[in-house]
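> No letters, just coordinates:
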């Protein structure tokens, strides 16, 4: 039976404390909704925190990794998709996600936000800064949502999923 | 917690009746082992049959699709990875599989067998014909196993997983 | 002998008249420098215009296409790389470019700008708007250059190439 | 103006002396025809030899590399496409080639032969061994040609290009 997949994108090594806290909370809430969590899967920053949050609540976690082998993956990833294709895998992340949340902002996250918009999807920006909100909302009016807490981001994801 | 992923590759539209029967049985046995099934995910041939077999036994099914959208996916795929990258996704299939089984043979399956060998993996050939066995066994001696039934293929997969 | 490759990224169907004029001029100047032009290669917007400009000055043009077949490619592309992988090819565009220029801004262009920055490269923004300049310069300080004309963009590319 | 692209695939480190001699000769003949040479681009085996042959005759050489950076590329590659996607780039090699020649056989070459056939293309096998000829000719009857010399392979490529 088809499961909803919610993708959370965010900084790796450059993640701030508030991004990590938001990510952990997002992971928990996503798992509590019964959704599958998708992330870039690495053992760093938002990727690691969101998977740990989801496992904390008993969820199923999917990591789409840049590498061809599992080393470097978060220990909280249940299912690792090993692409071996570097940042080109960012497009797979957004295509495979029924709803996309950016939790914090870095270059990789910006590419995922842009690729999601390019694919015709909506993106929810959580604490990504005023500059990114202004840029993406002007770039693709009407498809860039913002949230100021993990709970609000999940509520907006629910809206995208039509639930 | 990490789950073993076993990939089953095989013909789509050109699958023979015996490939479909083997695929359904493979799916069932893989699910009964508690492994995650990975396949190309399309609603055709071996891909469709192996997912249906796995769901019949209550397994978890992962489809790594060539397309960017879910239409065309097998209804028995729980989690669809939408790559939008055509046959280049065949490399993801084999990289992500802890054990690889070819169930029948066609051009796509041959590419997956070759890509798995290129990545240093073993491949189990189930009913793929004498020519493919001779070719691949000469190409990479010692890493091409053969099986004459779904049960034997799963037994050899267990050996690869070190269980 | 190795040739410098300069990539020009920009909107397709949504390109403005000024983007098209800049792109044609960029193509001409790049060809006059003896550089190979790389673009997304489609017969639309900046991609089409920059290739036509380069051919107008007798340059060599390389198109890295999203599709698996040549239809839809600009007639001014000499060498078409057919990736068949949709927007995931955007990462190939920036990895393969010794210097990257964004000429106008759209979702695909934003992804290429972000992917280039993610890969550790500099990007030259030509007429992409104040919001994109503020966003990308804050995102990766020191690696986002701006230009107000095709000539200035090419001069900054020369700096990146170390010529 | 569109240029014909002829792809030569073959073993890297495992290439035999006869594969290297054939590859050098193929490169020369392809350049003399005025075709662009496409290869996997690495500084090893058939990839290196075919590019050197093509440069010896003043041709244009295109290398579609598995890596994200240029190190490891053959010095005889004029234009390097840096994919950073490992063996998944093999599909780009065959999609981008108007005619495909396999010069010797190894796991990567087998994947390229299979991917070309999957994409509906013909493949010319040059000295790849009886087992590979039997396997691929049975797999896709009518689209697998054989050649016993570089000159014969180029003649058959000319037939595919319709010249």
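Sure, I can see it. Everything numeric in this text was worked out from a predicted model, so none of it was measured. Numbering: from 1, shown residues only, chains lettered A, B, ... in the order given.

> Which positions in chain A make contact with chain C?
Residues of chain A that fall close to chain C, judged by Cβ under 8 Å from any Cβ of the partner chain: A:85-92, A:105-108, A:110-111, A:113-115, A:117-119, A:129, A:131-132, A:134-136, A:138-140. Glycine gets a C-beta too; all of them are placed from N, C-alpha and C.

> try 6 Å this time
Proximity of chain A to chain C (Cβ under 6 Å from any Cβ of the partner chain) is limited to residues A:87-88, A:91, A:107-108, A:110-111, A:114-115, A:117-118, A:131-132, A:134-135, A:138, A:140.

> List buried residues within those residues.
A:87-88, A:91, A:107-108, A:110-111, A:114-115, A:117-118, A:131-132, A:134-135, A:140 (16 or more other Cβ atoms under 10 Å in any protein chain shown).

> Skip the chain neighbours and tell me the closest residue to the residue of chain A found nearest chain D.
As assessed by Cβ to the nearest Cβ, chain D sits closest to residue A:85 within chain A, at 3.6 Å. Spatial nearest neighbour of residue A:85, excluding adjacent residues (Cβ to Cβ, 6 or more residues apart in numbering or on different chains): residue D:85 at 3.6 Å.

> got it, and residue A:160?
residue A:99 (4.3 Å).

> Enumerate every residue touching the one you found.
By Cβ atoms under 6 Å, 6 or more residues apart in numbering or on different chains, the contact list for residue A:99 reads A:6, A:157, A:160, A:161.

> Filter the residues you listed down to the ones in strands?
Of these, the ones assigned to strands by DSSP state E are residue A:6.

> Pick the one among the contacts of residue A:99 closest to residue D:18.
residue A:6 (54.9 Å; Cβ to Cβ).

> For the closest one, which residues count as its bridge partners?
Here residue A:6 sits in beta bridges with residue A:37, residue A:99, as judged by DSSP bridges.

> quick one, what contacts the closest residue to residue A:79 other than its chain neighbours?
Using Cβ to Cβ, 6+ apart and skipping the chain neighbours, the partner closest in space to residue A:79 is residue A:62 (5.0 Å). If you count contacts by Cβ under 6 Å, 6+ apart, residue A:62 has them with A:36, A:38, A:79.

> tell me which of those is nearest to chain C?
residue A:38 (16.0 Å).

> Verify the stated contact: that closest one with residue A:97.
Yes: shown here, residue A:38 and residue A:97 form a contact pair, counting by Cβ atoms under 6 Å, at 5.3 Å.

> Find residues that contact each of the two.
With Cβ under 6 Å, 6+ apart, residue A:38 and residue A:97 have common neighbours A:5, A:7.

> what number of residues lie near the residue of chain A closest to chain D?
When neighbours are counted by other Cβ atoms under 10 Å in any protein chain shown, residue A:85 registers 35.

> Could you do residue A:141 as well?
Around residue A:141 there are 8 residues (other Cβ under 10 Å).

> quick one: low-confidence parts of chain A?
Across chain A, the ranges flagged by pLDDT under 70 are A:1, A:163.

> Please see if the lengthiest helix in it touches chain B.
Assignment by DSSP state H gives helix A:17-33 as the longest helix of chain A. No: residues of helix A:17-33 are not located near chain B by Cβ under 6 Å from any Cβ, the shortest gap being 14.0 Å.

> mind checking how far that helix is from the chain centre?
10 Å (Cα atoms, centre = their mean, to the nearest Å).

> What lies in contact with that helix?
Helix A:17-33 is contacted from outside by A:6, A:8, A:10, A:37, A:46, A:49-50, A:53-54, A:56-57, A:59, A:103-104, A:126, A:150, A:154, using Cβ under 6 Å, 6+ apart.

> and with 7 Å instead?
Here helix A:17-33 makes contact (Cβ atoms under 7 Å, 6 or more residues apart in numbering or on different chains) with A:6, A:8, A:10-11, A:37, A:45-46, A:49-54, A:56-59, A:101, A:103-104, A:126-127, A:150-151, A:153-154.
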